[in-house]
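Novice: When you get a sec, could you give me coordinates for this:
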Amino acid sequence: MKTTLELPDDLMREIKVLAAKNDRKLKDLMTELLKEGLQNLDTEANKDQQENRIQLPLLSPKKVSDIPVNKMNVQQCCDWMKDTLHQQDMVDD
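Specialist: Numbers count the residues shown, from 1 in each chain. Now for the predicted structure:
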């Protein structure tokens with residue numbers, strides 16, 4: 001597909017020099033540079049999403065029946081998790 005872009009003169013000179021140094025067609029180099037730029041944007045977006053994830057603690061009850069969560073409201077569940085984490089921290093120390 002053909003398209004027209006307005007690019008700064010100094011940027012276009014730099015791309016032309018790079019194409020000439022590497023004995024490449026300008027359109028091939030531009031295509032490669034644009035693809036790399038898009039991939040980098042996608043990679044950065046994924047990195048940002050991963051950094052914004054919440055890390056939940058791993059709870060290690062002795063047996064599944066030790067987890068009374070299904071009988072609790074949200075506040076009770078949070079309190080139970082805090083107590084369990086506190087107990088695990090004391091054992092780890």
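
Novice: CA only for contacts and neighbour counts going forward, please
Specialist: OK.

Novice: Which positions in the one helix or strand residue 11 maps to come out as buried?
Specialist: Using DSSP states H and E, residue 11 sits in helix 9-21. Buried residues in helix 9-21, counted by 16 or more other CA atoms under 10 Å: 15-16, 19.

Novice: Which member of those is positioned nearest residue 78?
Specialist: residue 15 (57.2 Å; CA to CA).

Novice: can you tell me which residues contact the closest one?
Specialist: 26, 29-30 (CA atoms under 8 Å, 6 or more residues apart in numbering).

Novice: Which of the residues you listed fall in helices?
Specialist: Within those, residues falling in helices by DSSP state H are 26, 29-30.

Novice: measure residue 85 to residue 18 for me?
Specialist: 57 Å (CA to CA, to the nearest Å).

Novice: Please apply the same query to residue 6.
Specialist: For residue 6, the distance to residue 18 equals 19 Å [CA to CA].

Novice: Please apply the same query to residue 84.
Specialist: For residue 84 relative to residue 18 (CA to CA), the value is 60 Å.

Novice: Residue 28 now?
Specialist: From residue 28 across to residue 18, the span is 12 Å (CA to CA).

Novice: before we move on, what about residue 38?
Specialist: 20 Å.

Novice: go on, residue 71?
Specialist: From residue 71 to residue 18 the distance is 67 Å (CA to CA).

Novice: same deal with residue 36?
Specialist: The value you get for residue 36 to residue 18, if CA to CA is used, is 15 Å.

Novice: next one: phi and psi at residue 72?
Specialist: Dihedral pair for residue 72: phi -110, psi 160, per degrees, to the nearest 10.

Novice: Pull the number of nearby residues for it.
Specialist: Under the neighbour criterion other CA atoms under 10 Å, residue 72 is assigned a count of 11.

Novice: Equivalent analysis for residue 8, please.
Specialist: Residue 8 has 8 nearby residues by other CA under 10 Å.

Novice: One more: residue 87?
Specialist: 11.

Novice: Does it fall in a helix, a strand, or a coil region?
Specialist: Secondary structure for residue 87, judged by DSSP: H, G, I helix; E, B strand; the rest coil, is helix.

Novice: Kindly state the domain boundaries assigned to this structure.
Specialist: 9-51, 56-93 (automatic domain parsing).
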